[in-house]
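Student: pasting the sequence and the predicted model now:
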Amino acid sequence: MPPKTRTIYVCSNCGKQTPRYMGRCPACNEYNTMQEEVLDISRGSSLREGGKARPTSTGLPNTGPVPLNQITMDDAPRVAVPIEEINRVLGGGIVPGSISLIGGDPGIGKSTLIIQMSAALANSAGPVLYVSGEESARQIKMRADRMGLASENLYLVTETNLSTIFEHIYKLQPMLVIIDSIQTVYTEESESSPGSVSQVRECAARLQSLAKNSLTSVVLIGHVTKEGSIAGPRVLEHIVDTVLYLEGDPFGTYRILRSVKNRFGATSEIGVFEMTGEGMIEVPNPSAAFLAERIANAPGTAIAITMEGTRPLLVEVQALTSPTSYSNPRRTPNGIDIARLLLISAVLTKRFGLKLHEQDIFMNVIGGLKVDEPAADLAAALSMASSYYDKPLPVDMAFVGEIGLSGELRAAGQLPARLKEAEKMGFARVMVPKLRRRVPDLPEGVKLVEVRNLGEALAIAVPRD
């Protein structure tokens, strides 16, 4: 008797299921993302499961309920990665039994970074299995030789069938499994093609079950969409414990490894690397790297002190204002959210008389870093004013502060850590919002310039003749 089947349409962006084809997904409003899938309803379909991942048995024993006070952490300590920048992003190392997802633009260096981490862990912690569905073992070997990597405990296999991958894992018993990439892996229990929503969801669920039951850590490499988010159903990011993004300017040398989800550590933590012919090199002092090519006394540049997780960073914010020839002036940010740029330019125009509605504004954060913290508002505003008046800002001053809609300045957290980083980089003064109370542990080598609003900041940093 032939199996009973049912046809549904699944959004490749968010995983929404509908019984008929739709040009636009009703959940995420993306166009042309509905893909046809045939479900075998005689075995139970994901439609009846509400679109949630349904873990399948991996052949490993599953433990029963255990009282909370009987669970000990001594049996599975973190495994420290010999690459400190990765350690920082992961929160101190790899947790046994965890499953992580790393994404990034094509050619940004995901495979390069992961093969370096795999070789380092294989030499220090135990066997590592690298499963590639996109490259042959010879291609990976060529990359490893170019970077000078060698390890007897790093095993390579080219395979996309999940059942065969599990057989290799049972035989080898590695401490870490790399899947490059999850979009190429398929399971025979799903009739969809590799990379489809059902395949990605089912394979990720089975790998999660493997990790939790065997304490084998798993790292998935994922493709990204043109918007830069992880490709595939959104449930994929819910299944994993950690989501990492490798970002940076493809034409530049610096790469930023950013944590956007971490069940075992701080989110928004970053690691900084330099891409070279020998692979990824750690940048232990990112502030010095980002300021290395700074030109002193140049109009339109300001130094912002931002916090990326627990790490303070000094970054150079550049702005250029130019009279526009269009009825609608352009606002072109790179590394700063356009909504923050529009807000800051509106405050400068409305509250302080800068005629930015007649100017094109271009803003750039040096080094390929994306700054989302509102504490960089003050530096962005003063760089715009500096370019508008064609006057440089004080070369020995850095800036911290969030700007409100009426031009007031609001305090930023972790001020002692920011000031210590500024002192280490040789800045004598830091402009901050007026302190409402005494802050302990402030460094003595940096002078605070306290201002209440953006008008006072402009009068000190960009004085009018």
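Tutor: Great, that's in hand. Keep in mind that what you see is a predicted model, and the values were worked out from it rather than measured.
Student: residues touching the residue lying closest to Glu408 once chain neighbours are set aside, list them.
Tutor: Closest residue in space to Glu408, ignoring its immediate chain neighbours: Asn453 at 5.0 Å, by C-beta to C-beta, 6 or more residues apart in numbering. Quick note: C-beta positions are derived from backbone N, CA and C, even for glycine. With contacts taken as C-beta atoms under 8 Å, 6 or more residues apart in numbering, Asn453 has the following neighbours: 406-409.
Student: cutoff 6 Å now
Tutor: Contacts for Asn453 (C-beta atoms under 6 Å, 6 or more residues apart in numbering) come out as 407-409.
Student: same deal with Ile403?
Tutor: Neighbour list for Ile403: 347, 377, 381, 454 [criterion: C-beta under 6 Å, 6+ apart].
Student: pairing partners for it in the sheet, please.
Tutor: Leu409 (DSSP bridges).
Student: now it: how far from Arg340?
Tutor: As defined by C-beta to C-beta, to the nearest Å, Ile403 lies at a distance of 9 Å from Arg340.
Student: about what we covered before: let me have the contacts of Ile403 in a markdown table, adding neighbour count, secondary structure and pLDDT as columns.
Tutor: Shown next, in a markdown table, are the contacts of Ile403 (neighbours: other C-beta atoms under 10 Å; DSSP: H, G, I helix; E, B strand; the rest coil; pLDDT from 0 to 100):
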| residue | neighbour count | secondary structure | pLDDT |
| --- | --- | --- | --- |
| Val347 | 21 | helix | 96 |
| Asp377 | 27 | helix | 97 |
| Ala381 | 29 | helix | 97 |
| Leu454 | 25 | helix | 96 |
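Student: of those, closest to Ile221?
Tutor: When these are compared for distance to Ile221 (C-beta to C-beta), Asp377 comes out closest, at 35.4 Å.
Student: neighbouring contacts of the helix or strand bottoming out on mean pLDDT in the chain?
Tutor: Taking mean pLDDT, DSSP states H and E as the measure, the helix or strand of the chain with the lowest value is strand 34-40, at a mean of 77. By C-beta under 6 Å, 6+ apart, the list of residues contacting strand 34-40 from outside reads 3, 5-12, 21-22, 45, 191-192, 198.
Student: in PyMOL, select just the buried ones from those residues.
Tutor: To isolate the buried members of these in PyMOL, using 16 or more other C-beta atoms under 10 Å:
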select buried, resi 8+9+10+11+12+45+192+198
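Student: nearest to Gly265 among the contacts of strand 34-40?
Tutor: Proximity of these to Gly265 (C-beta to C-beta) peaks at Ser12, which lies at 30.3 Å.
Student: who are the contact partners of that closest one?
Tutor: Contacts of Ser12 (C-beta under 6 Å, 6+ apart): 33, 35, 197.
Student: try Gly455
Tutor: Under the criterion of C-beta under 6 Å, 6+ apart, the contact partners of Gly455 comprise Phe352.
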